[in-house]
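Novice: Structural data only, the sequence is not supplied:
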């Protein structure tokens, strides 16, 4: 059984969701405390240790999900778990907690987004490489069932020529979902970005190295959705991602495989390109819609 350490984010969504999928949960207690009620389970691994700066919040997850050890210091997990998840806590500072685990060579998943800073993202990736530490960071939308289904049939629309992807929320914190689902469909190689919108109403023109253009739209005030339209030389497809049970559990299975094999599921350079795209798109809006090259 793979032993997982959950680091931070106990007051937020993902630490609760991920712990449920690994360990199951006491449904009555989960309902009482307004926890998500996911049905998907990830076999072969279990959250055995949890740490959070708010110990009471960590203890609540431990009680609901049957986590045996609530540790006073996150570093205490080292040597007792096989891999760690640095859970998103909505501050976009959670990534800083990865350092001791990367230094120890412990397989590490940093929840999205890796960082709101390109320089910090580069430093974390370099640090993982220097310490030969298996490392991944992504949006769970990379692993969406609906995206997988499109990819298995994408030749039906021919060469993808253009498209758009949209979601609600903040450009970096939540727009990573809309960008990552698009990215796995169109592949790497983004050349430049131009944000013709504004903060909270971001409309980003993404130009790839081969000249193809795609639109990323992230609006704070629209209703919750993840939706793409992709247009090809032979047809087009709409992709609406709705099965969160699947994309969370599928991402966690990829993490478990990384722990077992010590091989990242995709190149870390893709994570860096996604972070660069989002950060520079925000910078473009701040500069009045300037085209900025990656």
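Specialist: Cool, got the structure. Worth saying up front: this structure is predicted, and the values here are computed from it rather than measured. Numbers count the residues shown, from 1 in each chain.
Novice: could you pull out the strands for the stretch 101-250 of the chain?
Specialist: For the stretch 101-250 of the chain, the strands identified by DSSP state E, counting those that start in this stretch occupy 108-111, 135-138, 160-168, 190-195, 201-208, 213-219, 226-232, 236-240, in order along the chain.
Novice: Any idea how many residues pack against residue 82?
Specialist: Counted with other CB atoms under 10 Å, the burial measure for residue 82 works out to 16 neighbours. The way it works is simple: take the backbone N, C-alpha and C, and place the C-beta from them, glycine included.
Novice: How much space separates the residue nearest to residue 181 when sequence neighbours are not counted from residue 4?
Specialist: Taking CB to CB, 6 or more residues apart in numbering, and ignoring the residues beside it in sequence, residue 181 has residue 141 as its nearest neighbour in space, at 4.1 Å. Plainly put, residue 141 is 22 Å away from residue 4 if you go by CB to CB, to the nearest Å.
Novice: More neighbours: these two, which one.
Specialist: residue 4 (30 against 26).
Novice: my guess is that one contacts residue 86, does it?
Specialist: No: at 11.6 Å, residue 4 and residue 86 do not qualify as touching, with contact defined as CB atoms under 8 Å.
Novice: re the thing from before, what separation is there between the residue nearest to residue 181 and residue 241?
Specialist: 6 Å.
Novice: Next, residue 266: secondary structure please.
Specialist: coil (DSSP: H, G, I helix; E, B strand; the rest coil).
Novice: Now do the same for it: its pLDDT.
Specialist: According to the prediction, residue 266 has pLDDT 98.
Novice: Then residue 174?
Specialist: You'll see residue 174 listed with a pLDDT of 96.
Novice: Quickly note the distance from it to residue 7.
Specialist: Taking CB to CB as the criterion, residue 174 is separated from residue 7 by 21 Å.
Novice: quick one, domains of this protein?
Specialist: For the chain, the domain assignment from automatic domain parsing gives the residue ranges 2-140+246-266, 142-242+276-293.
Novice: Name the residues of stretch 13-24 that are buried.
Specialist: Within stretch 13-24, the residues that count as buried by 16 or more other CB atoms under 10 Å are 13-23.
Novice: quick one: it to chain centroid distance?
Specialist: Taking CA atoms, centre = their mean, to the nearest Å, the mean C-alpha location of stretch 13-24 is offset from the chain mean by 15 Å.
Novice: What of stretch 3-14?
Specialist: On the basis of CA atoms, centre = their mean, stretch 3-14 sits 14 Å off its chain's mean C-alpha point.
Novice: Spatially nearest residue to the residue of the chain positioned farthest from its centre, not counting backbone neighbours?
Specialist: Relative to the C-alpha centroid of the chain, counting by CA atoms, centre = their mean, residue 234 is the outermost residue, at 31.5 Å. With CB to CB, 6+ apart as the measure, residue 158 is the residue that lies nearest to residue 234, at 3.3 Å, once sequence neighbours are left out.
Novice: That neighbour is in contact with residue 231, isn't it?
Specialist: No: counting by CB under 8 Å, residue 158 does not reach residue 231; the two are 9.6 Å apart.
Novice: Tell me how far residue 227 lies from residue 217.
Specialist: Between residue 227 and residue 217 the computed distance is 10 Å (CB to CB).
Novice: Could you tell me which residues touch both of the two?
Specialist: 165-167 (CB atoms under 8 Å, 6 or more residues apart in numbering).
Novice: Which of the residues you listed lies at the shortest distance from residue 72?
Specialist: Minimum distance to residue 72 across the shared contacts of residue 227 and residue 217 is 37.3 Å, recorded for residue 167 (CB to CB).
Novice: so how far does stretch 218-229 reach from one end to the other?
Specialist: Separation of the first and last residues of stretch 218-229 by CA to CA, to the nearest Å is 15 Å.
Novice: Show me which residues of that stretch are buried.
Specialist: Applying a neighbour-count criterion of 16+ other CB under 10 Å, the buried positions in stretch 218-229 are 218-219, 226-228.
Novice: which outside residues touch it?
Specialist: 141, 144, 163-171, 174-175, 177-178, 181-182, 185, 200-202, 204, 236-242.
Novice: chain center to it, what's the gap?
Specialist: Relative to its parent chain, stretch 218-229 has a centroid offset of 17 Å by CA atoms, centre = their mean.
Novice: Same question for stretch 51-64.
Specialist: Relative to its parent chain, stretch 51-64 has a centroid offset of 22 Å by CA atoms, centre = their mean.
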